[in-house]
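Participant: Predicted coordinates and the sequence they were generated for:
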Amino acid sequence: MTAPSAKRYRDSRHRLLVDMHIPDWDAGFLANYDPAAIAQAARKMGADGVMLYFQSHVGLCYWPTRTGVRHAAARDRDLAGETLAALRADGLPVCAYYSVNFNNQVWTENPDWRLQPAAAATVGILPRERYGIVCLNAEGYRAFVQSQIAEICSYDVDAVFFDMMWWNGVCRCPSCVSRYAREHDGAAIPSMVDWSDPAWTRFQAARERWLAEWTIQLRDWVKAEKSDADVYHNFALAVSNWTRGISIASVAGHDFLGGDFYGDRAEQLLITRLMLNLSPSRPPEFMTTVATSLIEHTRLRPIPEMQTKALAAAASNAAFLAIAAIDPDGRLDAAVIDRIKAGFAAAAAFPRSADAPVEDVGLYFSDLSRFNPAVGPIPLEAAPAGSLPDYPHFDALAGACRALQRAHIPFGVLSAANIDELQRWPVIVLPNAIRMSEAECAAFRAYVAGGGRLYASRDTSLYDVHGGPRQNPGLAHVFGCTRTGAFEGRLVYVIDTRPEGASRPIAHWRGPDARTGATRVRSDDAETLAVIGLPYGYPAGGTASDTNWASIHSSPPWTTTETPAILRKVIGSGVVVYSAADIEAMQAPDQEDLFISLIRSLMPSAPRVSVETHPSVWMTAFSGGDHDLRISLLAYPAEFPALPVPAAPVRVAVPDGMACASVTSIPDGTSLAWYDEGAQITFEAGPLEPFRQFDVRFTAAQP
């Protein structure tokens with residue numbers, strides 16, 4: 001075992017990965033690969049940590065392996081070892097990359113190890129036919145991976161990253177069939193995807209358990225060889241649908257969380273906040289490619305976009321890893337180097353924040369709710385094969401995330417991993433979390449009984465973990481209502497009856513596959529804040545030959561019912577607002593305003609930090625000792641380049657018994673004027689071009 005380096009990969013902030021999924025059937029492939037040039041590029045970019053390929057999806061190894069097959073370019077060389085030495089000579093900590101489950105070499109040589117999905121597996125936009133995917137339950141493959149790990153751990157790396165840690169479809173290979181039968185009294189893999197069937201939910205739980213156990217096993221194999229090494233796995237599909245089998249339980253196999261993400265700013269907003277509260281240690285890692293997507297090689301992200309993504313990671317207290325795909329001949333494009341350098345440089349001056357995020361609202365991600373009950377029962381052969389987050393809970397979660405960001409209310413994303421610390425959040429949102437265990441339901445009942453403020457929507461807690469919907473949602477008593485069915489028409493209206501509420505009916509559509517919609521409820525002991533309105537002819541949609549419509553293009557409201565749309569219930573010092581419509585999922589101005597007004601009504605006090613500025617601005621805050629704060633503001637537009645945001649007045653609540661001592665701009669240390677307004681102070685943070693960071697320090701108030 002080699003001695004650990006003085007600087008650890010886990011402490012780096014600007015990480016580089018040179019992507020090397022290169023075959024070797026052409027002698028020109030990697031012919032110009034130069035370890036010294038890779039180290040020089042890392043220096044030029046300003047990387048302070050590097051992830052190094054020891055192997056790739058192709059399955060060929062870049063070190064003199066005894067158990068696998070070497071890449072032809074490494075036949076007489078140790079490409080991994082030479083590159084590692086060049087990087088270590090510059091004092092850079094190195095993480096070893098290894099691809100599991102995706103391995104063309106062993107897939108070709110060992111047909112009995114192959115994944116045998118019931119439905120044709122997909123890999124998103126990637127060309128599926130190029131990938132040889134093996135099954136993690138194949139014992140021979142597992143032994144092979146263990147032997148490869150032992151070889152890699154003989155090198156001077158202080159971290160190992162395992163890629164492709166998920167199921168690519170429901171596998172029915174002999175290894176999976178026999179394992180399931182062995183563990184479940186001879187049971188067969190179900191033939192139908194049916195979330196009301198205990199047989200199906202038991203099998204899905206097994207798939208998730210198998211993956212979590214594989215994650216932990218890989219970590220344990222590394223630790224057995226190199227006890228001081230950090231291990232993490234690709235967490236990119238953290239919020240994918242049920243097919244990938246990822247669960248919160250798999251986090252037990254990580255020393256910290258990280259993964260590659262290629263979506264828009266909404267994805268980065270959600271995933272960085274989820275990883276921040278879920279990661280076993282910090283910082284978590286946000287990884288993305290300098291190319292516009294994995295299938296692009298020459299089309300690169302604009303420099304302002306790379307800079308903004310790096311700044312967004314810094315603002316969220318996350319490390320930023322940039323992926324640079326190598327040219328097939330082994331060289332790095334100069335434009336790729338320049339873009340990554342610009343991204344790293346933009347964030348280099350801003351230090352990591354203290355580790356306590358300011359989160360006045362917590363959004364609950366339910367990893368049990370990764371399915372759509374409106375789709376099914378269906379044969380296993382017709383099951384979804386992709387990994388899109390195409391389920392109702394995600395629509396509501398992402399919509400709530402967007403709304404809170406635009407309203408600049410400090411929020412975080414929590415999960416079942418945080419179930420014992422719910423009191424951290426003054427307000428918690430359950431965004432159509434359709435499937436919850438009894439333990440989760442009990443925790444949220446206790447949270448409200450202890451004074452917590454809860455918002456929940458639509459079918460939250462309707463399904464249990466054993467199969468089938470409950471007769472009434474598990475949290476129905478907390479909501480103060482009884483579920484009586486669902487609205488099946490194309491749309492209903494939410495009519496706000498509060499004196500300060502919305503003045504116009506708000507249309508709420510039943511989306512494709514019922515991913516959005518509304519539930520019928522009867523109030524038991526709750527106050528009604530809004531009721532359901534119906535269009536003329538509901539539930540019929542209307543045709544040219546009938547009279548079930550009132551306006552040919554649209555479906556205006558016609559009937560105001562007494563059926564509750566939004567309820568409020570006080571339980572001791574706790575308060576619950578329940579919306580029968582998942583208004584946060586619509587991502588439309590009217591619904592967003594209603595949702596935010598309900599959240600503000602639940603907040604027991606003013607936000608600890610707030611800002612009045614353009615809705616594209618991200619605000620994050622972290623607290624240090626003695627209530628000090630580090631506040632970040634980032635103009636993160638939908639299109640680049642970002643336009644300057646001229647004004648951003650910030651309000652900060654002053655803790656009891658404290659007084660503001662200073663407001664300082666980071667990193668220049670300039671003192672800013674601030675104004676004492678008693679319970680809060682204000683200061684001007686603009687202009688944002690596109691990022692600014694501030695330290696607010698407090699001292700004991702003078703008597």
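Facilitator: Noted; the coordinates are in hand. Numbering: from 1, shown residues only.
Participant: For the nearest residue to residue 235 once chain neighbours are set aside, the count of nearby residues, please.
Facilitator: Excluding the flanking residues, the one nearest residue 235 by C-beta to C-beta, 6 or more residues apart in numbering is residue 259, at 3.8 Å. The way it works is simple: take the backbone N, C-alpha and C, and place the C-beta from them, glycine included. Residue 259: 22 surrounding residues under other C-beta atoms under 10 Å.
Participant: which ones are touching residue 259?
Facilitator: Contact analysis of residue 259 by C-beta atoms under 8 Å, 6 or more residues apart in numbering lists 234, 235, 236, 237, 238, 271, 285, 287.
Participant: Quick check: bridge partners of it?
Facilitator: Assessed by DSSP bridges, residue 259 has beta-bridge partners residue 286.
Participant: Could you identify the most distant pair in the contacts of residue 259?
Facilitator: 237 and 285 (15.0 Å; C-beta to C-beta).
Participant: Which one's more surrounded, those two?
Facilitator: Taking other C-beta under 10 Å, residue 237 and residue 285 do not tie; residue 285 has more neighbours (29 against 21).
Participant: do you know how far the closest residue to that one other than its chain neighbours is from residue 326?
Facilitator: The spatial neighbour of residue 285 that comes closest, neighbours along the chain excluded (C-beta to C-beta, 6+ apart), is residue 258 at 2.9 Å. Distance of residue 258 to residue 326, given as C-beta to C-beta, to the nearest Å: 21 Å.
Participant: Give me the more crowded residue out of those two.
Facilitator: residue 258 (26 against 21).
Participant: my guess is the more buried one meets residue 287, correct?
Facilitator: Yes: here residue 258 lies in contact with residue 287, judged by C-beta atoms under 8 Å, at a distance of 6.0 Å.
Participant: list residues touching both of these two?
Facilitator: Shared contacts of residue 258 and residue 287 (C-beta under 8 Å, 6+ apart): residue 321.
Participant: Residue 473 contacts residue 462, correct?
Facilitator: Yes: counting by C-beta under 8 Å, residue 473 touches residue 462, with 4.8 Å between them.
Participant: Quick check: neighbours shared by these two?
Facilitator: residue 483.
Participant: For residue 277, give its distance to residue 412.
Facilitator: 5 Å.
Participant: joint contacts of these two?
Facilitator: residue 357.
Participant: what separates stretch 512-519 from the chain centre, distance-wise?
Facilitator: Counting by C-alpha atoms, centre = their mean, to the nearest Å, stretch 512-519 is centred 23 Å from the centre of its parent chain.
Participant: what's next to that stretch, contact-wise?
Facilitator: 372, 374-375, 390-392, 395-396, 458-459, 483, 485-487, 492, 508-511, 532, 565, 580-582, 585-586.
Participant: among the residues you listed, which ones are buried?
Facilitator: Restricting those to buried positions leaves 372, 375, 390-392, 395-396, 458-459, 483, 486-487, 492, 508-511, 532, 565, 580-582, 585-586, with burial counted as 16 or more other C-beta atoms under 10 Å.
Participant: from those residues, which ones fall inside strands?
Facilitator: Taking DSSP state E, the ones among these that sit in strands are 483, 486, 492, 508, 509, 532, 565.
Participant: Would you reformat those residues as JSON lines and include pLDDT?
Facilitator: Shown next, in JSON lines, are these (pLDDT from 0 to 100):
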{"residue": "483", "pLDDT": "98"}
{"residue": "486", "pLDDT": "97"}
{"residue": "492", "pLDDT": "98"}
{"residue": "508", "pLDDT": "97"}
{"residue": "509", "pLDDT": "97"}
{"residue": "532", "pLDDT": "98"}
{"residue": "565", "pLDDT": "98"}
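Participant: just to revisit the earlier point, contacting residues around the residue nearest to residue 285?
Facilitator: 161, 232, 234, 235, 275, 284, 285, 286, 287, 319, 321.
Participant: residue ranges with poor pLDDT in the stretch 201-350 of the chain?
Facilitator: Nowhere does the stretch 201-350 of the chain drop to pLDDT under 70.
Participant: Any figure for the gap between the residue nearest to residue 235 and residue 236?
Facilitator: 4 Å.
Participant: what touches both of those two?
Facilitator: The contact lists of residue 259 and residue 236 share residue 287, where a contact means C-beta under 8 Å, 6+ apart.
Participant: Report how many residues lie close to residue 702.
Facilitator: Using other C-beta under 10 Å, residue 702 has 5 other residues around it.
Participant: what's the answer for residue 601, then?
Facilitator: 16.
Participant: hang on, it packs against residue 577?
Facilitator: Yes: with contact defined as C-beta under 8 Å, residue 601 and residue 577 form a contacting pair (7.2 Å).
Participant: Not counting residues beside it along the chain, what's closest to the most centrally placed residue in the chain?
Facilitator: With distances taken as C-alpha atoms, centre = their mean, the residue of the chain nearest its centroid is residue 271 (2.7 Å). Leaving aside its chain neighbours, residue 271 sits nearest to residue 261 (5.9 Å; criterion: C-beta to C-beta, 6+ apart).
Participant: Quickly note the distance from residue 116 to residue 58.
Facilitator: Counting by C-beta to C-beta, the separation of residue 116 from residue 58 is 21 Å.
Participant: More neighbours: these two, which one.
Facilitator: Just comparing residue 116 and residue 58: by other C-beta under 10 Å the higher neighbour count belongs to residue 58, 21 against 17.
Participant: Tell me the confidence at that one?
Facilitator: Residue 58 is assigned 98 on the pLDDT scale.
Participant: just residue 111 next, same as before
Facilitator: At residue 111, the model reports a pLDDT of 98.
Participant: Next: residue 5.
Facilitator: The per-residue pLDDT reported for residue 5 equals 46.
Participant: List the contacts of residue 98.
Facilitator: Applying C-beta under 8 Å, 6+ apart to residue 98 gives the contacts 54, 55, 148, 149, 152, 160, 161, 162, 163.
Participant: ok, these vs residue 296, which is closest?
Facilitator: The nearest member of those to residue 296, counting by C-beta to C-beta, is residue 163 at 19.1 Å.
Participant: Model confidence for that closest one, exactly?
Facilitator: For residue 163, pLDDT reads 98.
Participant: what sits against it?
Facilitator: Residues in contact with residue 163 (C-beta under 8 Å, 6+ apart) are 57, 97, 98, 99, 100, 102, 233, 234.
Participant: one more time with 7 Å
Facilitator: Counting by C-beta atoms under 7 Å, 6 or more residues apart in numbering, residue 163 makes contact with 97, 99, 100, 234.
Participant: Please apply the same query to residue 393.
Facilitator: 366, 369, 431, 432, 433, 434.
Participant: what's the answer for residue 268, then?
Facilitator: Shown in contact with residue 268 (C-beta under 7 Å, 6+ apart): 261, 286, 309, 312.
Participant: and of these, the nearest to residue 618?
Facilitator: Closest to residue 618, out of all of the contacts of residue 268 and judged by C-beta to C-beta, is residue 312, at 6.6 Å.
Participant: did I read that right, residue 610 in a helix?
Facilitator: No: per DSSP: H, G, I helix; E, B strand; the rest coil, residue 610 lies outside any helix segment and is strand.
Participant: what number of residues lie near it?
Facilitator: The tally of other residues near residue 610 (other C-beta under 10 Å) stands at 21.
Participant: partners of it in the sheet?
Facilitator: residue 651.
Participant: sorry, back to before: just the buried ones out of the contacts of residue 258, please.
Facilitator: 161, 232, 234, 235, 275, 284, 285, 286, 287, 319, 321.
Participant: quick one: which helix or strand includes the first one?
Facilitator: Going back to what we said before, that points to residue 161. Using DSSP states H and E, residue 161 sits in strand 159-163.
Participant: Alpha carbons of that strand, as PDB, please.
Facilitator: Extracted in PDB, the C-alpha atoms of strand 159-163 (Å, rounded to 0.1, in the frame of the first residue of the first chain):
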ATOM      1  CA  ALA A 159      -9.600   7.700  -4.400                       C
ATOM      2  CA  VAL A 160     -11.500   5.300  -6.700                       C
ATOM      3  CA  PHE A 161     -14.600   6.200  -8.800                       C
ATOM      4  CA  PHE A 162     -16.900   3.500 -10.100                       C
ATOM      5  CA  ASP A 163     -19.000   4.500 -13.200                       C
END
